[in-house]
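Novice: below is the sequence, then the predicted model.
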There are 4 protein chains.
Amino acid sequence: MTSLYLPILLGTAREGRQSEKAARYILEKAKHQAFETELLDVRDFVSVGRTEAMEHPRAQQWSHIMTRADGLIIVTPEYNHGYPGELKLMIDQIYKEYTNKALAVCGVSSGWTGGVRAVKLLVSVAHTLKMYPIRNALYFPNVEMLFNEDGSIKDPSYEKMTQTMFDDLVWLASALKYKREESH
Amino acid sequence: MTSLYLPILLGTAREGRQSEKAARYILEKAKHQAFETELLDVRDFVSVGRTEAMEHPRAQQWSHIMTRADGLIIVTPEYNHGYPGELKLMIDQIYKEYTNKALAVCGVSSGWTGGVRAVKLLVSVAHTLKMYPIRNALYFPNVEMLFNEDGSIKDPSYEKMTQTMFDDLVWLASALKYKREESH
Amino acid sequence: MTSLYLPILLGTAREGRQSEKAARYILEKAKHQAFETELLDVRDFVSVGRTEAMEHPRAQQWSHIMTRADGLIIVTPEYNHGYPGELKLMIDQIYKEYTNKALAVCGVSSGWTGGVRAVKLLVSVAHTLKMYPIRNALYFPNVEMLFNEDGSIKDPSYEKMTQTMFDDLVWLASALKYKREESH
Amino acid sequence: MTSLYLPILLGTAREGRQSEKAARYILEKAKHQAFETELLDVRDFVSVGRTEAMEHPRAQQWSHIMTRADGLIIVTPEYNHGYPGELKLMIDQIYKEYTNKALAVCGVSSGWTGGVRAVKLLVSVAHTLKMYPIRNALYFPNVEMLFNEDGSIKDPSYEKMTQTMFDDLVWLASALKYKREESH
């Protein structure tokens, strides 16, 4: 089995987005893992209206990425207890590419809730995409106070939680990959 | 109390959108009601990124509409068991304007489920906007087969269901309007 | 208009339930408000199987309470990201009695999330009961550390949040009560 | 790898429960599959209050079943857009036993919605149990008209949908089982 490819998707296009800090933190930590990854920015992919989007070169690029991917780490803020519109536009551009892949949905919030409500709405969406979301994804409550200026995280407990997320995601993604390859 | 203003928002920007038929049907029926209404199209309002959007003339227009509105009828398809991204982008442009207004979320689907799952995700979003969603909104399952070419609906049972939706929405919107005006 | 009746429902029957502290705190604060209230304990009402329950004297008592009530404050823990089974059994015993009443769903958790996910599942349930849930209900994260032995709360910011909840609930409940009485 | 064990859980204790027909239909079809199964009835397991339940012989039996199980098929009605209380009480009795198992949540309803809303609330619960719910579970809308008196189903399209559910569940359950056994 070749090494796993688990890209990270930053799910907000807003100016001043704090979720970028969380996504970059995860990217940094992922570099020391056995899987392959990269940071995807919703700003580079999103457009309004599926018909156009499907023919758009950027939607094709997204399709190629998810075809190759064994799973996905979404980093999403919570806007009004829901997922950002631009993230859903990006998700809805493709469909089959998600089948039987692993998912980690990480929530970000200015307040204390860590975006858990938006995460749950995405878990509901993932259910129909035939993606399997792990429980132990990361939450970043109070995000404005969580990171140092150099991008490192102030709370040392994230070290272990991040490793748990990676371990659980790799566990599930490799189980699914093995079975997908066996099924072909 | 002046008459109620209850606009209808078509929540998808996709080409070939079937939800437009449902929205136009509701608009037609609403013309015979005592409240004032109009059809809003998400295509005319949406843009990506809140900072820009808030300063955008169209976001200002949306703010003016909802400031004046006593409630809202959203007509939304279900994409992957969730709400369309463009609809959420539009909702997230403003905030205070929704406070203590009534809401009806109508679901549309190609299949048999009527979009009830997307409706529930929007009910969750409405909860934080301080909007109050009524139960008896309309569902349009199997939408491709539901309308005649002239836009009329084939199933006669919608006549009564539509009146119930209007009655319940007017009931709630006027209760809230009376109290809002009393509170000022 | 007679004074509002807004009972508080403790939604867990588990031994050692921490939510009782939150419910008793709300009850204590409510005594200084203009509305009438009392504490209801799910232990006194719940039974399995609707047919039996509907004929059961306790279900009849619950029906009488909600018939008279203008709204409800539910205090619920989150068990496995959902609402407790016993709370749902109690809710499902009656139906029409909830129509056009106000609701506040307060979440309780041992961890940092405050039970917001269970609250959202109940918001989804309330939507079909024709109840209208306010946004500014209370959350009690880290509940084991939140209360003194005498039942008072350690965090002084709850004083103002509790008043906001009461104000918003009374605002909505009285708007709905006025309209219900006008409609008769 | 030994053969898979995928029990079916009937998730309502109400008298006159229509979901029993759906559960028995699935059981009948499952007999021709390669996996092992049996029908579990929530009536035989449920009790109120976790502390008591955990020490109760029936909770121990449930623990033994799920320890051995490779996945679960839940058949649930939708009561007020949510899951039945007795089903949640049963689920909450145990915890670790669910880890990394497959799940199919089948919805049942008197009306046309097939219980999809209750299914989504259970998908949200499953997410924290570390269970992985497949998309292609069965829905039984209009259940009162769906079955013949001998328990057979009137709509021939269920034949293929049921096989798809079994295939997808076996695919996922065997992927997870292989990995669980490899991890030990």
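Specialist: Ah, there it is. Numbers count the residues shown, from 1 in each chain, chains lettered A, B, ... in the order given.

Novice: pretty sure A:L9 sits in a strand.
Specialist: Yes - counting by DSSP: H, G, I helix; E, B strand; the rest coil, A:L9 is located in a strand.

Novice: contact residues of chain A facing chain C?
Specialist: Residues of chain A lying close to chain C (Cβ under 8 Å from any Cβ of the partner chain) are A:81, A:112-114, A:116-117, A:120, A:141. Quick note: C-beta positions are derived from backbone N, CA and C, even for glycine.

Novice: pLDDT-wise, which helix or strand of chain A ranks last?
Specialist: helix A:50-55 (a mean of 53; mean pLDDT, DSSP states H and E).

Novice: so what's A:L176 closest to, chain neighbours aside?
Specialist: Leaving aside its chain neighbours, A:L176 sits nearest to A:N100 (5.1 Å; criterion: Cβ to Cβ, 6 or more residues apart in numbering or on different chains).

Novice: who are the contact partners of that neighbour?
Specialist: Residues near A:N100 by Cβ atoms under 8 Å, 6 or more residues apart in numbering or on different chains: A:130-132, A:176, A:179-180, D:171-172.

Novice: what's the distance between it and chain B?
Specialist: 16 Å (Cβ to the nearest Cβ, to the nearest Å).

Novice: coming back round to it: how about the contacts of A:N100 in JSON lines, adding pLDDT, neighbour count and secondary structure?
Specialist: JSON lines is the format used below for those (pLDDT from 0 to 100; neighbours: other Cβ atoms under 10 Å in any protein chain shown; DSSP: H, G, I helix; E, B strand; the rest coil):
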{"residue": "A:K130", "pLDDT": "98", "neighbour count": "17", "secondary structure": "coil"}
{"residue": "A:M131", "pLDDT": "98", "neighbour count": "25", "secondary structure": "strand"}
{"residue": "A:Y132", "pLDDT": "98", "neighbour count": "25", "secondary structure": "strand"}
{"residue": "A:L176", "pLDDT": "98", "neighbour count": "25", "secondary structure": "helix"}
{"residue": "A:K179", "pLDDT": "96", "neighbour count": "17", "secondary structure": "helix"}
{"residue": "A:R180", "pLDDT": "96", "neighbour count": "15", "secondary structure": "helix"}
{"residue": "D:W171", "pLDDT": "98", "neighbour count": "18", "secondary structure": "helix"}
{"residue": "D:L172", "pLDDT": "98", "neighbour count": "25", "secondary structure": "helix"}
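
Novice: quick check, nearest of the residues you listed to chain C?
Specialist: Distance to chain C across the contacts of A:N100 (Cβ to the nearest Cβ) is lowest for A:Y132, with 16.3 Å.

Novice: in terms of helices and strands, where is the most centrally placed residue in chain A?
Specialist: Central residue check for chain A by Cα atoms, centre = their mean: the C-alpha nearest the mean position is that of A:I74, 1.4 Å away. Per DSSP states H and E: A:I74 is located in strand A:71-77.

Novice: render the CA-only coordinates of that strand in CSV, please.
Specialist: Taking C-alpha atoms only, strand A:71-77 is exported to CSV below (Å, rounded to 0.1, in the frame of the first residue of the first chain):
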residue,chain,number,x,y,z
GLY,A,71,-9.2,11.2,3.5
LEU,A,72,-9.6,14.9,4.3
ILE,A,73,-9.0,17.2,7.2
ILE,A,74,-11.5,20.1,7.1
VAL,A,75,-10.7,23.1,9.2
THR,A,76,-13.9,25.2,9.5
PRO,A,77,-15.1,28.1,11.5
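
Novice: quick check, A:L10 in contact with A:V42.
Specialist: Yes - counting by Cβ atoms under 8 Å, A:V42 is a contact partner of A:L10 at 6.1 Å.

Novice: got the residues of chain A near chain D?
Specialist: So chain A meets chain D at A:100, A:120, A:123-124, A:127-130, A:132-135, A:171-172, A:174-176, A:178-179, A:183 (Cβ under 8 Å from any Cβ).

Novice: now do the helix or strand encompassing A:V170 against strand A:71-77, angle only.
Specialist: Taking DSSP H and E as the criterion, A:V170 maps to helix A:157-183. Put simply, helix A:157-183 runs at 140 degrees to strand A:71-77, going by axes from the mean of the first three to the mean of the last three Cα atoms, to 10 degrees.

Novice: isn't A:Y139 up against A:V116?
Specialist: Yes - counting by Cβ under 8 Å, A:Y139 touches A:V116, with 6.4 Å between them.

Novice: find residues that contact each of those two.
Specialist: Common contact partners of A:Y139 and A:V116 (Cβ under 8 Å, 6+ apart): A:G107.

Novice: how much space between the residue nearest to the centre of chain A and D:E86?
Specialist: 35 Å (Cβ to Cβ, to the nearest Å).

Novice: from the residues of chain A next to chain C, pick the one nearest chain B.
Specialist: A:H81 (4.3 Å).

Novice: okay, now that closest one: neighbour count?
Specialist: 23 (other Cβ atoms under 10 Å in any protein chain shown).

Novice: show me what contacts it?
Specialist: So, once contact is read as Cβ under 8 Å, 6+ apart, A:H81 ends up touching A:117-118, A:121, B:124-125, B:127-128, C:120.

Novice: let's see it at 7 Å
Specialist: If a contact means Cβ atoms under 7 Å, 6 or more residues apart in numbering or on different chains, then A:H81 has A:117-118, B:124-125, B:127-128 as its contacts.

Novice: would you list the residues you listed in JSON lines and tack on neighbour count, pLDDT and secondary structure?
Specialist: Compiled in JSON lines, these are given as follows (neighbours: other Cβ atoms under 10 Å in any protein chain shown; pLDDT from 0 to 100; DSSP: H, G, I helix; E, B strand; the rest coil):
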{"residue": "A:R117", "neighbour count": "24", "pLDDT": "97", "secondary structure": "helix"}
{"residue": "A:A118", "neighbour count": "27", "pLDDT": "97", "secondary structure": "helix"}
{"residue": "B:S124", "neighbour count": "25", "pLDDT": "96", "secondary structure": "helix"}
{"residue": "B:V125", "neighbour count": "25", "pLDDT": "97", "secondary structure": "helix"}
{"residue": "B:H127", "neighbour count": "26", "pLDDT": "97", "secondary structure": "helix"}
{"residue": "B:T128", "neighbour count": "19", "pLDDT": "97", "secondary structure": "helix"}
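
Novice: now the two most distant members of these.
Specialist: Spatial extent of these (Cβ to Cβ) is set by the pair A:A118 and B:H127 at 13.0 Å.

Novice: hang on, the earlier thing: residues in contact with the strand holding A:I74?
Specialist: A:6-12, A:17, A:19, A:22-23, A:26, A:83-84, A:87, A:101-109, A:115, A:118, A:122, A:169, A:173.

Novice: any weak-confidence spans in chain A?
Specialist: Along chain A, segments meeting pLDDT under 70 span A:1, A:47-55.

Novice: again, 80 this time
Specialist: A:1, A:47-57, A:184 (pLDDT under 80).

Novice: if we can go back for a sec, from the residues of chain A next to chain C, which land in helices?
Specialist: A:116-117, A:120 (DSSP state H).
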